[in-house]
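A.B. asks: Here you go, sequence then predicted model.
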Amino acid sequence: RMLALYFFIATCIVIASCADTNRTSSEPLKETIARFDTDYTLAKVISSRNYYDDYQLEHPPILSSETSSIYKARKHKEPAKVVAIKKVQLSKVQMSLPRAEREVRLMKFLKHERLVDTFDVYKWNGYLIMAMEWFEKGTLNRYSFKKKNHANMPADIAVGVIRQIAQGLQYLHRFNIIHR
């Protein structure tokens, strides 16, 4: 219980320290949003080419669900560049196509060191395919405070992770985006 209280207090401190108090004008934000509407149209963001022309997938997928699979892949033109390819089967996704397309546009548009970078997006053969930043050490899913067979995250590391999450959320909130 003390550890949970510690994380709660640390989270509050981190979020308070990340508060954006320097922004006095929304004009640069308006210009940025206008650029999103003109420079990040579906035609400019989503390619109808075959993604196999650009990337070589490693099989089997590293993660699969009913709606999507994630593969480790390499770019043909830059074999040293490792990416994550997320293939989403559009017929099984529970959101409308316009909403999915808007999210893809946002993923290409938003650039911040605390957000996963999306390099390329393809709409091909009933799938939405995204080439995204690869993280060699994996995700936070390997840590759990409920399961005994997972590693526990040391408190000092957890505070740093919470700070980084707060920084990413702060950036999203500047654009009135809420992460669910």
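C.D. replies: Cool, got the structure.
A.B. asks: Show me where this structure has its strands.
C.D. replies: For the chain, strands defined by DSSP state E occupy the ranges 46-47, 55-57, 63-64, 68-75, 82-89, 118-124, 127-133.
A.B. asks: Restrict the last one to CA atoms and write it as PDB.
C.D. replies: Taking C-alpha atoms only, strand 127-133 is exported to PDB below (Å, rounded to 0.1, in the frame of the first residue of the first chain):
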ATOM      1  CA  TYR A 127      -5.800  -3.900 -44.100                       C
ATOM      2  CA  LEU A 128      -4.400  -0.700 -42.700                       C
ATOM      3  CA  ILE A 129      -0.700  -1.200 -42.400                       C
ATOM      4  CA  MET A 130       1.500   1.200 -40.300                       C
ATOM      5  CA  ALA A 131       5.300   1.200 -40.300                       C
ATOM      6  CA  MET A 132       6.200   2.500 -36.800                       C
ATOM      7  CA  GLU A 133       9.200   3.100 -34.600                       C
END
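A.B. asks: Just give the number of residues close to Gln164.
C.D. replies: For Gln164, the neighbour count with other Cβ atoms under 10 Å is 14. No exception for glycine: its C-beta is placed from N, CA and C like everyone else's.
A.B. asks: same check, this time on the one 3 residues further on
C.D. replies: In terms of burial, Gln167 registers 17 neighbours under the definition other Cβ under 10 Å.
A.B. asks: Which residue is the nearest non-sequential neighbour of it?
C.D. replies: Ranked by Cβ to Cβ, 6 or more residues apart in numbering and with sequence neighbours excluded, the top spatial neighbour of Gln167 is Arg114, at 4.8 Å.
A.B. asks: next one: Ser69
C.D. replies: Pro61 (4.0 Å).
A.B. asks: Also Ala80?
C.D. replies: Arg74 (7.8 Å).
A.B. asks: wait, what's in contact with the spatially most central residue of the chain?
C.D. replies: Residue closest to the average C-alpha location in the chain (Cα atoms, centre = their mean): Val116, at 3.9 Å. Applying Cβ atoms under 8 Å, 6 or more residues apart in numbering to Val116 gives the contacts 132-133.
A.B. asks: Let me know the pLDDT of it.
C.D. replies: We have a pLDDT of 90 for Val116.
A.B. asks: Same check on Ser91?
C.D. replies: You'll see Ser91 listed with a pLDDT of 85.
A.B. asks: I figured it hits Tyr127, correct?
C.D. replies: No: contact criterion Cβ atoms under 8 Å: Ser91 and Tyr127 do not qualify, at 9.3 Å.
A.B. asks: more neighbours, those two?
C.D. replies: Neighbour count, other Cβ under 10 Å: between Ser91 and Tyr127, Tyr127 has more, with 17 against 7.
A.B. asks: circling back: from Arg105, how far out is the residue nearest to the centre of the chain?
C.D. replies: Computed as Cβ to Cβ, to the nearest Å, the Val116 to Arg105 distance reads 15 Å.
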